[in-house]
Every structure is written in structure tokens, then in C-alpha cells.
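**Student:** give me the fold of what follows.
(one chain, ligands or ions: 1)
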Amino acid sequence: MLLLGVNIDHCATVRQARYRQAPATVGGAVEPDPVTLAVLAERAGADGITIHLREDRRHIQERDVWRTRETIATRLNLEMACTPWMIDFALKLKPDSVCLVPESREEITTEGGLDVVGQRERVRACVEAMSAAGIVTSLFIDPNDAAIEASAAVKAPWVELHTGAYANAYYGARRAAEFQRLRLGAVRAHDLGLTVNAGHGINYVNIAEVRTLPHLHELNIGHSLISRALFTGIEEAVREMKARMNP
Ligand code: PXP
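**Tutor:** You can find the predicted model right below:
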């Protein structure tokens, strides 16, 4: 059974589009509330909730993270940059897992994943700190051998393979090649003992192929769920995605 982590960031994106200047991010007429969305997503079968507290606070605010932690009944996955401030925040919050994602140029590879090779010691220190606190670390990486091997070397238990290049190539000539890279990456990661997740750009169409990747444990999906929810509500959007993930 392939698990679904629902990324609620873009619910906050919509809220911030209207209420960026408001002193509070919740209450009264301030809508839509990402925490309410998370609860409804869980009710429809979400296996976990994912949020990204970005440095620029463009969508999720600190208060959203704490409210989500207190409210949800499934697992909380915090996407974060590998910075001292975020590590300290995560150790206080105690999410079930963190997913290290690039935030600044230096942490990013050419394709968009975390530069584990170039940031090896920084990432290793973060993995160790999280694991000492009982928090699972996932690394959001491109599906290439160097990144996968570095992830295993720093003892990250999970990786999240970046499906963005594949999703962007979906209607173009490179789709088969990008899918093959993901397939080989999933096999290599699994062979090294890593739990294999995937995310970015997964939608109701490409899920038919994405779900056939070997060794997949969980998918993190945001944009397409929130977009579908505008028309059907989040519960129907989650149910439909889960049905396509596990037909
Ligand atoms: N996984 C990670 C690590 C991400 O940064 C994102 C984007 O926030 C996603 C998954 C979800 O991507 P999308 O919104 O395109 O589904």
C-alpha cells in the first residue's frame, strides 16, 4: 500500500495572498486555514501531513506548524532547510520526520535536489541530531547515484526522490529517460537500505506511471491536491488520489 503525505503549503499560499499584512494568521474571517485542511485530508485517508516552513515565510507561518503539530492525528513531516535555526526549531517541535530540502542556491544541485555531496558534513550533523531525538530524516534528492550514495553514507534512513524533472518532461521527449532515472534511483536507494519516497509535481495524470516505480513507500503531494480541492473539496481530492495510487 503506497502512502500519501498531503502537503498543505498551498492552502497557506492562498491565505497569504489576501492576509499577508494581517497581524494574525488564523481566526475570524482569515481563510483558508491550512490546519482545517489537514484535518479534512486525514479524514479522507491522508497518511501524513507535510508542511514546509520556509525562510521567507511565503506560505506556512510558525504558528501554523505548532497548530498542525497539536491538531493532527497522523504523522507530521516538516520540510526544512538544513540550517541551525531550523534544526533547533525541529528539535523543539518534534515532528515525526523532517525532510531536508534546499533553500539557498548553494544547497541546490543542477536539477533541484539537496546537494548532499557538497554539504555532506552539515547534512550528517543534522541527521545525527534528529535521530538522537527520535525524528526520522528524509533527504530530498535528485535520482542520481552520487546523491543516493551520499545519503546512505550520512545515514539518512529515508530519501525523497525529486520527481520534478520527470513531471516537467511528462509531455516531452525526455519523459522515458527521466522515468528510467527515477526507476534506477529507487532501486539503488533500496539496495543501500534507504526507504524510498518521492515527490514534486505528481498529479492525477502522471500518478498512473509514478506509482509503478519500485520500492515506493510514500508520495508527498501538494499542488495537484489543492488545485483539485478547489472544485471537489479536499476530501474528495484525497480519496481520488489515493484510489489512483492504489488501484
Ligand atoms: N516534496 C518536496 C520535498 C517539496 O518541496 C514539495 C513542494 O513543496 C513537494 C513534495 C510537493 O510538490 P507539489 O506541490 O508539486 O506536489
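
**Student:** just confirm N197 contacts H217, I think it does.
**Tutor:** Yes. Shown here, N197 and H217 form a contact pair, counting by C-beta atoms under 8 Å, at 5.5 Å. Backbone N, C-alpha and C define where each C-beta goes, glycine included.

**Student:** so which of these two has more stuff around it?
**Tutor:** Neighbour comparison, N197 and H217: the larger count goes to N197, with 26 against 17 (by other C-beta atoms under 10 Å).

**Student:** and that one, what are its phi and psi?
**Tutor:** The phi/psi pair for N197 (degrees, to the nearest 10) reads phi -110, psi 170.

**Student:** joint contacts of N197 and H217?
**Tutor:** Common neighbours of N197 and H217, using C-beta atoms under 8 Å, 6 or more residues apart in numbering, are W158.

**Student:** relative to W158, how far out is the residue sitting nearest the centre point of the chain?
**Tutor:** Nearest to the geometric centre of the chain sits N220, at 4.7 Å (C-alpha atoms, centre = their mean). Going from N220 to W158 by C-beta to C-beta, to the nearest Å gives 11 Å.

**Student:** could you do I8 as well?
**Tutor:** For I8 relative to W158 (C-beta to C-beta), the value is 20 Å.

**Student:** what residues of the strand or helix carrying R122 count as buried?
**Tutor:** Assigned by DSSP states H and E, R122 belongs to helix 120-132. Across helix 120-132, burial judged by 16 or more other C-beta atoms under 10 Å covers 122-124, 126-127, 129-130.

**Student:** just the C-alphas of the helix or strand that it is followed by, formatted as CSV.
**Tutor:** As assigned by DSSP H and E, the chain's next helix or strand after helix 120-132 is strand 136-141. Backbone C-alpha positions of strand 136-141 (Å, rounded to 0.1, in the frame of the first residue of the first chain) are rendered in CSV as follows:
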residue,chain,number,x,y,z
VAL,A,136,13.3,10.3,11.1
THR,A,137,15.3,12.3,8.4
SER,A,138,14.5,12.2,4.8
LEU,A,139,16.7,13.9,2.1
PHE,A,140,15.0,15.4,-0.9
ILE,A,141,17.4,14.5,-3.7
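
**Student:** so which elements touch strand 136-141?
**Tutor:** strand 97-100, helix 120-132, helix 145-153, strand 158-162, strand 195-199 (3 or more C-beta pairs under 8 Å, 6 or more residues apart in numbering; DSSP states H and E).

**Student:** residue with max distance from the center of the chain?
**Tutor:** What lies farthest from the middle of the chain is G28; by C-alpha atoms, centre = their mean that is 29.4 Å.

**Student:** how close does that one get to V98?
**Tutor:** Per C-beta to C-beta, G28 is found 32 Å from V98.

**Student:** likewise V154?
**Tutor:** 14 Å.

**Student:** near the ligand, which residues of the protein show up?
**Tutor:** Proximity of the chain to the ligand, by C-beta under 6 Å from any ligand atom, involves residues 7, 9, 52, 79, 99, 101, 140, 160, 199-202, 220-224.

**Student:** so R58, which of the three states?
**Tutor:** coil (DSSP: H, G, I helix; E, B strand; the rest coil).
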